[in-house]
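Visitor: Here you go, sequence then predicted model.
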Amino acid sequence: MPRKARLKSASSIYHIMLRGANKQEIFHDEADCRYFLNTIKKYKIISGLSVYGWCLMNNHVHLLLKEGSEELSTTIKRIDVAYVYYYNCKYETNGHLFQDRFKSENVETIRYLLTVIRYIHQNPLKAGIVSKIDEWRWSSLSGYLDSAIYPFDLLDSDYILNYFSKNRVVAQVRFEAFNLKNNKDECLEDLYVERRRFTDEEARKKIVKLLGDLEIAQVKSLPKFERDNILREVKEVKEISQRQASRILGISPNLIFKA
């Protein structure tokens, strides 16, 4: 059955979500996040895209974008292909990184535009990863408040801030208060909010329990078949990231990823 065509947004503004295949992590370190944002910046320049917001989580990304001179699906595909090439080269892997088709929803009213940007900025808070939204480095919030942001010229903040006030300082105060407000916003599918990660100590206790009589230090010396079976069990625990497992077990992230 052919895929249903995406409905065009009357405003050309869309809320986009890219998710790792099988919910796998797509960002393992700061360099990965920087590369992804620089890739968006590159194709923003090429396509005339407007970028109103983002939030990079461990295994998914939220974007608030306005279509430029080409179909947004084409621009997203360019970003996808460029990042996957980088990722596969860096981690010596191959195959799909993202789910086959990105999720999107049209943003056609001012009210929903503001709902989506707040939802995006509160994603780490609702996932239990941070206690305050300004603690999460990899969202566009700081750019709206004229704080340090990377990359500094990716965000088009004026469009949304102007709905709060034509005076930028006043708009920023109102925008921050709006983003801090408790709410029950639901966008795309709220089922996609990421669960809280274990701390390293919690992850270590869980791994020790999984290993039974085995010591953590013994795992890396096991025959490949036995080691990979254990690594797959660890990967099934969604609250443990592959980077955490690597640190605790002393096994390279690449071996864990391939297990």
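Guide: Received it, and whenever you're ready, just let me know what you need.
Visitor: just for the chain, where's the confidence low?
Guide: Residues of the chain meeting the criterion pLDDT under 70: 1-5, 189-196.
Visitor: quick one, what contacts the closest residue to residue 258 other than its chain neighbours?
Guide: Nearest-residue entry for residue 258: residue 93, 7.0 Å, with adjacent residues in sequence omitted and distances by Cβ to Cβ, 6 or more residues apart in numbering. C-beta here means a position set from N, CA and C on the backbone, and glycine is covered the same way. By Cβ atoms under 8 Å, 6 or more residues apart in numbering, residue 93 lies in contact with 87, 254, 257, 258.
Visitor: go on, residue 184?
Guide: Applying Cβ under 8 Å, 6+ apart, no residues contact residue 184.
Visitor: SS state for it?
Guide: Of the three states, residue 184 takes coil under DSSP: H, G, I helix; E, B strand; the rest coil.
Visitor: gap between it and residue 121?
Guide: With distances taken as Cβ to Cβ, to the nearest Å, residue 184 is found 15 Å from residue 121.
Visitor: Kindly list the main-chain dihedrals of the residue of the chain most remote from its centre?
Guide: What lies farthest from the middle of the chain is residue 213; by Cα atoms, centre = their mean that is 36.8 Å. For residue 213, the backbone dihedrals are phi -80, psi -10 (criterion: degrees, to the nearest 10).
Visitor: follow-up on the earlier one: isn't there a helix covering the residue nearest to residue 258?
Guide: No. Per three-state DSSP, residue 93 lies outside any helix segment and is coil.
Visitor: where does it fall, phi/psi-wise?
Guide: phi -120, psi 180.
Visitor: swap in residue 77?
Guide: Note on residue 77: its backbone torsions stand at phi -60, psi -40 [degrees, to the nearest 10].
Visitor: Could you give the number of residues near it?
Guide: 13 (other Cβ atoms under 10 Å).
Visitor: same check, this time on residue 64
Guide: The burial count for residue 64: 25, using other Cβ under 10 Å.
Visitor: For it, which residues are in contact?
Guide: With contacts defined as Cβ under 8 Å, 6+ apart, residue 64 is in contact with 13-16, 51-54, 107, 113, 116-117, 120.
Visitor: residue ranges for the strands of the stretch 51-200 of the chain, please.
Guide: Counting by DSSP state E, counting those that start in this stretch, the segments of the stretch 51-200 of the chain that form strands are 60-66, 103-106.
Visitor: if you compare those, which one is most tucked away?
Guide: Among those, strand 60-66 has the highest mean neighbour count (mean count of other Cβ atoms under 10 Å), at a mean of 24.
Visitor: Sheet-wise, list the partners of that one with their directions.
Guide: Sheet pairing for strand 60-66, assigned by DSSP bridges, gives strand 13-19 (antiparallel), strand 50-56 (antiparallel).
Visitor: I'd like these as a markdown table, with distance to residue 228 and mean neighbour count appended.
Guide: Shown next, in a markdown table, are those (distance: least, Cβ to Cβ, whole Å; neighbours: other Cβ atoms under 10 Å):
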| stretch | distance to residue 228 | mean neighbour count |
| --- | --- | --- |
| strand 13-19 | 25 | 21 |
| strand 50-56 | 29 | 22 |
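Visitor: Please identify which of those is closest to residue 81.
Guide: strand 13-19 (12.1 Å; Cβ to Cβ).
Visitor: Now do the helices in this protein.
Guide: Counting by DSSP state H, residue ranges of the helices within the chain are 30-47, 72-91, 110-126, 141-144, 158-161, 168-180, 200-211, 224-235, 242-249, 253-258.
Visitor: out of the ones you listed, nearest to residue 7?
Guide: Residue 7 lies closest to helix 72-91 among the helices of the chain, at 12.0 Å (Cβ to Cβ).
Visitor: Count the neighbours of residue 144 for me.
Guide: By other Cβ under 10 Å, 24 other residues sit near residue 144.
Visitor: which residues sit in contact with it?
Guide: Applying Cβ under 8 Å, 6+ apart, one finds that residue 144 lies in contact with 155, 157, 160, 161, 172, 175, 176, 179.
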